[in-house]
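[1] Output the structure for:
(one chain, ligands or ions: 2)
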Amino acid sequence: MTTTDNAVEQSALDQSAAATSPTTSPTAADSGASASASFRSTSQYSGSGTATDSARVDTLARALLGAVHHVIRDHDVTYPEFQAAKKWLMDVGDGGEWPLFLDVFVEHAVEEVASRTQAGTKGTILGPYYLPEQVQLTSPATLPARPDEKGTPLLFRGQITDTDGTPVPHAVLDIWQADEKGYYSGFAPDIPSGNLRGVVTTDDKGVFEITTIQPAPYQVPTDGPTGALIAGAGWHPWRPAHLHLLVSAEGHRTVTTQLYFAGGDYLDSDVAEATKPELILDPTDVGDGTRQVTYDFVLERN
Ligand code: MBD
Ligand code: FE
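    Numbers count the residues shown, from 1 in each chain. Ligands and ions are numbered 1, 2, ... in the order given. Purely as a prediction, here's the structure:
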């Protein structure tokens, strides 16, 4: 897919998000449909590098189906349970919740495998709410926010170096986050497109300074099929508050990661199992109601 196609689909996506009824609270269908549309239009993360080798397909499909058969035999799964599962799988597709479901419950294992070969700052999952082509900013930068954006101001700064400690000039932090209610722009009604998203270029020493707000924990929508499974199983639907980042630089391997907040809820029970101890920020209160934190990133050279 070309950049132009992407931009066209992206603007269609923004419009469909913006066209949603202005006074309702976000529904599973809002975020599910938007996440599915976004996944299809983001060629960087979909469709490329698909396994076509039939031996590999045979191995993986056999192993996956074998695991399912094993569960059925081990747990004496009945016909009513099989038909209920079939209906639930259909509902996940109809609601556009496959990106949400897979990123919440499966991506952490894929990331664990990928991270075996990556040095430097720990990565974690991308999740379903990344949008490419956001506003380009230069450090010191303030993320786009509504005039009345709620939430504790957060000053986030640091430096990007390579694995030898050499500063990486003009490195780029592509950052996105939920607002003070836990909602992402592009995936909930009433939030301007591009809100709390930005692509920030560091200075010539890899130093950055980003002003934003403290995000709230994220709740998997409870009114869709993913939420129904979570409630049906008696689990909780929460992710701890987090900032998402893609940290990149010419000649370096991109790190996909998230940063969490010390003392926050759900740090030890993330429904998406995507926290790591190395990725927890501990901001200090500066007195004027602002919080401040430093976090340095380490990129591996290509
Ligand atoms: C999120 O905000 C998120 O980061 C992930 C991984 C899954 C669902 C929602
Ligand atoms: Fe998230």
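[2] residues in the stretch 201-302 of the chain within reach of ligand 1, list them.
    Contact residues, the stretch 201-302 of the chain versus ligand 1 (CB under 6 Å from any ligand atom): 218, 239, 272, 274. No exception for glycine: its C-beta is placed from N, CA and C like everyone else's.
[3] Take these and write them to a markdown table, including pLDDT.
    As requested, those are exported to a markdown table (pLDDT from 0 to 100):
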| residue | pLDDT |
| --- | --- |
| 218 | 98 |
| 239 | 98 |
| 272 | 98 |
| 274 | 98 |
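[4] out of those residues, which is most surrounded?
    Within these, residue 239 tops the neighbour count with 26 neighbours, counted by other CB atoms under 10 Å.
[5] for the closest residue to that residue other than its chain neighbours, what are its contacts?
    Sequence neighbours aside, residue 218 is the residue nearest to residue 239 in space, at 4.3 Å (criterion: CB to CB, 6 or more residues apart in numbering). Shown in contact with residue 218 (CB atoms under 8 Å, 6 or more residues apart in numbering): 178, 182, 238, 239, 241, 242.
[6] try 7 Å
    For residue 218, the contact set (CB atoms under 7 Å, 6 or more residues apart in numbering) comprises 178, 182, 239.
[7] Give the residue spans of the stretch 1-150 of the chain that score low on pLDDT.
    1-25, 43-51 (pLDDT under 70).
[8] Those residues of it touching ligand 1, which are they?
    100, 103, 104, 125, 127, 128, 129.
[9] try it again with 8 Å
    Contacts of the stretch 1-150 of the chain with ligand 1, taken as CB under 8 Å from any ligand atom, map to 100, 103, 104, 107, 125, 126, 127, 128, 129.
[10] and the residues you listed as JSON lines, adding secondary structure, distance to residue 79 and neighbour count?
    Shown next, in JSON lines, are those (DSSP: H, G, I helix; E, B strand; the rest coil; distance: CB to CB, whole Å; neighbours: other CB atoms under 10 Å):
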{"residue": "100", "secondary structure": "helix", "distance to residue 79": "28", "neighbour count": "28"}
{"residue": "103", "secondary structure": "helix", "distance to residue 79": "31", "neighbour count": "21"}
{"residue": "104", "secondary structure": "helix", "distance to residue 79": "28", "neighbour count": "24"}
{"residue": "107", "secondary structure": "helix", "distance to residue 79": "32", "neighbour count": "20"}
{"residue": "125", "secondary structure": "coil", "distance to residue 79": "35", "neighbour count": "23"}
{"residue": "126", "secondary structure": "coil", "distance to residue 79": "38", "neighbour count": "19"}
{"residue": "127", "secondary structure": "coil", "distance to residue 79": "36", "neighbour count": "22"}
{"residue": "128", "secondary structure": "coil", "distance to residue 79": "33", "neighbour count": "24"}
{"residue": "129", "secondary structure": "coil", "distance to residue 79": "37", "neighbour count": "24"}
